[in-house]
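# Sequence and predicted structure are below.
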Amino acid sequence: NVTVTGTGDSNYKNKTSQQTLTFLGFSETILVLDGTEYFQPPAALPLPGGAQWVKIVPSDLGLSSGTTGLGTNDPSQSFQFLGGNLSSPSVVGSEKIDGVATTHYKMTIDLQSLYQRIGQAESNLSPFESQALQALSKEANLSAVPAEAWLDSHGLVRRFAYTLTVKTADGSIGETSTFDFSNFGEAVHVT
């Protein structure tokens with residue numbers, strides 16, 4: 001089992017965000033400033049020329065200029081960045097997330113096009129990571145990934161989860177990612 005923990009702030013109105021992901025003793029940071037993404041990989045993955053940050057513009061991911069996952073004031077719209085194709089959601093029921101009443105939905109999402117775009121962008125930066133993404137797309141059905149979302153009465157996503165299943169020689173490996181969103185309306189601090 002490997003646990004990846006992410007924390008950070010996002011301001012959808014100003015298109016700024018700072019997220020830090022920690023896993024296996026490594027950490028990486030993703031910043032979005034004025035709609036442009038900056039990525040700082042773990043120190044164990046040095047960048048060419050001693051660079052510390054990678055700038056990723058929307059066209060690197062096949063998006064139109066000025067478009068990011070933080071493109072609107074509505075956090076629920078950020079899921080369009082996942083590749084856009086969500087199946088018709090079905091209602092599972094009502095649940096509380098961090099004390100807030102939500103409606104729980106199940107759906108499938110198509111991550112195939114997103115992974116292809118990321119792989120193309122990373123081939124210019126890290127051939128190894130690009131090859132790893134290509135291998136993943138051959139071993140997992142990325143066009144129908146099971147997902148769940150919990151939306152509050154304002155349409156804000158309070159929790160989002162998806163599961164990838166990768167075939168191996170001995171069976172399969174499952175990965176579940178869960179994202180919790182809270183503290184809406186509070187000040188965002190991006191450095």
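Received, thanks.
# sec struct for the nearest residue to residue 97 once chain neighbours are set aside, please.
In this structure, residue 97 finds its nearest non-sequential neighbour in residue 158, 4.1 Å apart by C-beta to C-beta, 6 or more residues apart in numbering. No exception for glycine: its C-beta is placed from N, CA and C like everyone else's. The local conformation at residue 158, judged by DSSP: H, G, I helix; E, B strand; the rest coil, is strand.
# Ok, residue 95 next?
Under three-state DSSP, residue 95 comes out as strand.
# Look up how far residue 48 lies from the residue nearest to residue 97.
According to C-beta to C-beta, to the nearest Å, residue 158 and residue 48 sit 40 Å apart.
# Tell me which of these two has more neighbours.
Neighbour count, other C-beta atoms under 10 Å: between residue 158 and residue 48, residue 158 has more, with 24 against 8.
# Which residues are in contact with the more buried one?
97-98, 100, 102, 150-152, 180-182 (C-beta atoms under 8 Å, 6 or more residues apart in numbering).
# one more time with 10 Å
Applying C-beta atoms under 10 Å, 6 or more residues apart in numbering, we find residue 158 in contact with 75, 95-98, 100-104, 149-152, 179-182, 184.
# Kindly write the ChimeraX command that selects the buried subset of the residues you listed.
Here is the ChimeraX command that selects the buried residues among the contacts of residue 158 (16 or more other C-beta atoms under 10 Å):
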select :75,97,100,102,103,104,149,150,151,152,181
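# Residue 179 and residue 10, how far apart?
11 Å.
# Is residue 17 bridged to anything, and to what?
On the basis of DSSP bridges, residue 17 is bridged to residue 10, residue 32.
# Would you check that it makes contact with residue 8?
Yes. Residue 17 lies in contact with residue 8 (C-beta atoms under 10 Å); the separation is 6.6 Å.
# Of these two, give the one with the bigger neighbour count.
residue 17 (21 against 15).
# For residue 49, see how far away that one is.
26 Å.
# One more: residue 178?
In terms of C-beta to C-beta, residue 178 sits 36 Å off from residue 49.
# give me every residue that touches residue 25.
Applying C-beta under 10 Å, 6+ apart, the residues contacting residue 25 are 42, 44.
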